[in-house]
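**Student:** requesting a structural model of the entry that follows:
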Amino acid sequence: QVQLVEFGGGLVQAGGSLRLSCAASGDAFGSYVMGWFRQAPGKEREIVASVSWSATRTYYHDSVKGRFDISRDNAKNTLTLQMNSLKPEDTAVYYCAASKTLSTRIADVSYWGQGTQVTVSS
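**Tutor:** Residues are numbered from 1 along each chain as shown. From the prediction side, this is the model:
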């Protein structure tokens, strides 16, 4: 079992930055691929970024490449998403997720956080 708690959401103007953090407890954090998903109103949940077990591989959705940076600290059981140059279309609830594989499919996620709201005003 893994418990995930997100921090850092909020309201920001377009072009601004936010830093999301996810604190994990329970099972071995380093044994999971970690990722961030988001869900905007009326839209399906989608992968934003993921990082492999030892952070040697990362994945980014095309819409956030060059603007977002995902990182993890296995010693502190934390996952971070640095979001820069934010756009109104980044507005969504952001979820921390843990998976046993590198798949970006929602169905392959083992554990979810409760989500944190990010709102980008124009």
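**Student:** so is the residue nearest the centre of the chain in a helix, a strand, or just coil?
**Tutor:** Centroid-nearest residue in the chain: residue 36, 2.0 Å away (criterion: CA atoms, centre = their mean). When classified by DSSP: H, G, I helix; E, B strand; the rest coil, residue 36 comes out as strand.
**Student:** dig out what it forms beta bridges with.
**Tutor:** Beta bridges link residue 36 to residue 49, residue 96 when assigned by DSSP bridges.
**Student:** residues contacting it?
**Tutor:** Contacts for residue 36 (CB atoms under 8 Å, 6 or more residues apart in numbering) come out as 20, 22, 47-50, 70, 79, 81, 94-97. All C-beta spots, glycine's among them, are computed from the backbone N, C-alpha and C.
**Student:** that one and residue 19, how far apart?
**Tutor:** Per CB to CB, to the nearest Å, residue 36 is found 12 Å from residue 19.
**Student:** ok, which stretches of the chain are strands?
**Tutor:** 2-7, 10-13, 18-26, 33-39, 46-51, 58-60, 68-73, 78-83, 92-99, 109-112, 116-121 (DSSP state E).
**Student:** flag every buried residue along the fifth one.
**Tutor:** Of the residues in strand 46-51, those scored as buried under the neighbour-count criterion (16 or more other CB atoms under 10 Å) are 47, 48, 49, 50, 51.
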